[in-house]
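>>> I would like to see how this sequence folds:
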Amino acid sequence: MAQRVRVDSGTSYEMLLELMCVADRRFRSVITGAPHIEHSLEAAGAGDVVADARTAGRYAWANLLPLAGVGRRARTSEALRDAVAATSAQELHRWVLGGRRRQLLELVGDDILDGVLTGDRAARSVLRRTLGSDTTVLEATPWLLSAPSEEVHALVLRALEGWAVARGPVGEATLRQELRGSARRLRAVVTGLDPREAIAVAAPGLDYTSERMPAEVVLVSSAAVAPIVVFVDDVRRTVLATPAGMAPRPESTEHDRLIAGARAVGDVVRVRVLDVLRDGPAAARELSEALGQPRTSLLHHLALLRSAGLVTTAVGPDERTVYRLDASAVDALASTMRRRYGTMR
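Residues are numbered from 1 along each chain as shown. I've put the predicted structure just below:
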């Protein structure tokens, strides 16, 4: 199957990414702008938007990213709200549960998802166990697993509308213009590259070699997600949201790299992750077992290590995500520390 790379941007994506950023308190220490986004929403009287975002959970908003770029419509918050409104309650519920993600569909069939959407308790139990296992990095909040589809549909629309009101027309227009500029710069860099090369440029440290990559890879420039990337493996398109201005990153200064590296190793769990990876590559499940830490709590630590360049991520032909220590990056960080501070008098 021929594959193509498309660079996209717009507030249809950004509103979902901002809701994702405030939906999980565990990621406040990972996503640099999360506290500011939350404060801005609350200052605009949109505290209910934050509450709704957390009720649905961060994966619910990430799972909707492919919908934000479907068709030829403008990539605006209004266009996304119209698309959500036109989607049936059950189909939208399937979207936010991850029912269009390849990694989930390989673990549970459409019959299980259909059962969840019609309220079948056995199907919900199967999906709950699957999402709670170490066979996937996906999650769903208890509310999302048990709420009627009509309530899910209403909450998603309410959160999107609340975000648009909080931003306001002028604020959204300014943000859209900034995102267009970032997208132009990213497009100039990835034009002519194949999907794997483009992903490597947009997300340094991420090596995606799946043989089941869909026909289209969409790279989205985002002001919200720094320093991580957000990867959504939809059945029709792979969406990769990358921090605006951070792909590629050769212009980052030594000081920037030093700060990122110091932040990455400034936690006992992350140091223990590096200790395990020193002995060889490992998947999240293997790291969880080695460290005695829940897989879900490890993900934000791994995101910080990858964003600092100390750990690389590879998604293989079997869709299994494997983490590796980048010894050269560790050596570079140590060398920088010695050069800058090792000769102090």
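>>> Check which helices and strands the longest helix seen in the chain sits against.
Using DSSP state H, we find that the single longest helix of the chain is helix 149-190. Helices and strands touching helix 149-190, by 3 or more Cβ pairs under 8 Å, 6 or more residues apart in numbering; DSSP states H and E, are strand 4-8, helix 11-23, helix 34-43, helix 47-56, helix 77-86, helix 89-97, helix 195-202, strand 216-222. Yep, even glycine has a C-beta here, placed from its N, CA and C like the rest.
>>> Spatially nearest residue to Gln3, not counting backbone neighbours?
Spatial nearest neighbour of Gln3, chain neighbours left out: Pro195 (4.8 Å); criterion: Cβ to Cβ, 6 or more residues apart in numbering.
>>> what's the neighbour count on that neighbour?
Using other Cβ atoms under 10 Å, Pro195 is surrounded by 21 other residues.
>>> before we move on, what about Arg184?
The number of residues packed near Arg184 is 12, by other Cβ under 10 Å.
>>> what's the answer for Arg176, then?
18.
>>> mind listing what it touches?
Counting by Cβ atoms under 8 Å, 6 or more residues apart in numbering, Arg176 makes contact with Ser9, Gly10, Thr11, Arg75, Thr76.
>>> got any ranges where the stretch 201-345 of the chain has weak pLDDT?
Across the stretch 201-345 of the chain, residues meeting the criterion (pLDDT under 70) sit at 205, 207-214, 245-252, 296, 316-320, 343-345.
>>> mind checking how far the closest residue to Ala223 other than its chain neighbours is from Ala53?
In space, and not counting its chain neighbours, Ala223 is closest to Ala244: 4.9 Å by Cβ to Cβ, 6+ apart. Distance of Ala244 to Ala53, given as Cβ to Cβ, to the nearest Å: 21 Å.
>>> more neighbours, these two?
Per other Cβ under 10 Å, whichever of Ala244 and Ala53 has more neighbours is Ala53, with 28 against 22.
>>> Got the confidence number for the more buried one?
At Ala53, the model reports a pLDDT of 97.
>>> now swap in the one 3 residues further on and tell me
Predicted confidence (pLDDT) at Ala56: the value is 97.
>>> Is it in contact with Val22, as I believe?
No - between Ala56 and Val22 there is no contact under Cβ atoms under 8 Å: 11.2 Å.
>>> quick one: Ser297 and Ser288, what's the gap?
9 Å.
>>> From the neighbour counts alone, determine which of these two ranks first.
Neighbour count, other Cβ under 10 Å: between Ser297 and Ser288, Ser288 has more, with 18 against 12.
>>> what's in contact with stretch 65-80?
By Cβ under 8 Å, 6+ apart, stretch 65-80 touches 8-13, 15-17, 82-84, 87, 95, 100, 160, 163-164, 167, 172, 176, 218, 220, 230, 232, 234, 236-237, 239, 241.
>>> residue contacts, Thr135?
Listed by Cβ under 8 Å, 6+ apart, the contact set of Thr135 reads Leu107, Arg285.
>>> State the distance from it to Val230.
Applying Cβ to Cβ, the value for Thr135 to Val230 is 21 Å.
>>> you'd agree Val239 is in a strand?
Yes - assessed with DSSP: H, G, I helix; E, B strand; the rest coil, Val239 lies in a strand.
>>> Leaving out sequence neighbours, find the closest residue to Val217.
Leaving aside its sequence neighbours, Val217 sits nearest to Pro195 (Cβ to Cβ, 6+ apart; 4.4 Å).
>>> Neighbour count for Ala56 and Val22, which is higher?
Val22 (27 against 24).
>>> What's the local residue count around the closest residue in space to the more buried one that isn't next to it in sequence?
Spatial nearest neighbour of Val22, excluding adjacent residues (Cβ to Cβ, 6+ apart): Glu38 at 4.6 Å. Burial measure for Glu38: 21 neighbouring residues, criterion other Cβ under 10 Å.
>>> Next: Ser328.
There are 9 residues near Ser328, going by other Cβ under 10 Å.
>>> And Ala86, by the same measure?
For Ala86, the neighbour count with other Cβ under 10 Å is 9.
>>> State the pLDDT value of it.
Value for Ala86, per-residue pLDDT: 95.
>>> For stretch 78-90, which residues meet the burial criterion?
Glu78, Ala79, Leu80, Arg81, Ala83, Val84, Thr87, Ala89, Gln90 (16 or more other Cβ atoms under 10 Å).
>>> again with stretch 132-140
Residues of stretch 132-140 classed as buried: Thr135, Thr136, Val137, Leu138, Glu139, Ala140 (neighbour count, 16+ other Cβ under 10 Å).
>>> The second one contacts Leu104, doesn't it?
Yes - contact between Thr136 and Leu104 holds when scored by Cβ under 8 Å: they sit 6.3 Å apart.
>>> shared neighbours, those two?
Common neighbours of Thr136 and Leu104 (Cβ under 8 Å, 6+ apart) are Thr130.
>>> so is Arg73 in a helix, a strand, or just coil?
Put simply, Arg73 is coil when judged by three-state DSSP.
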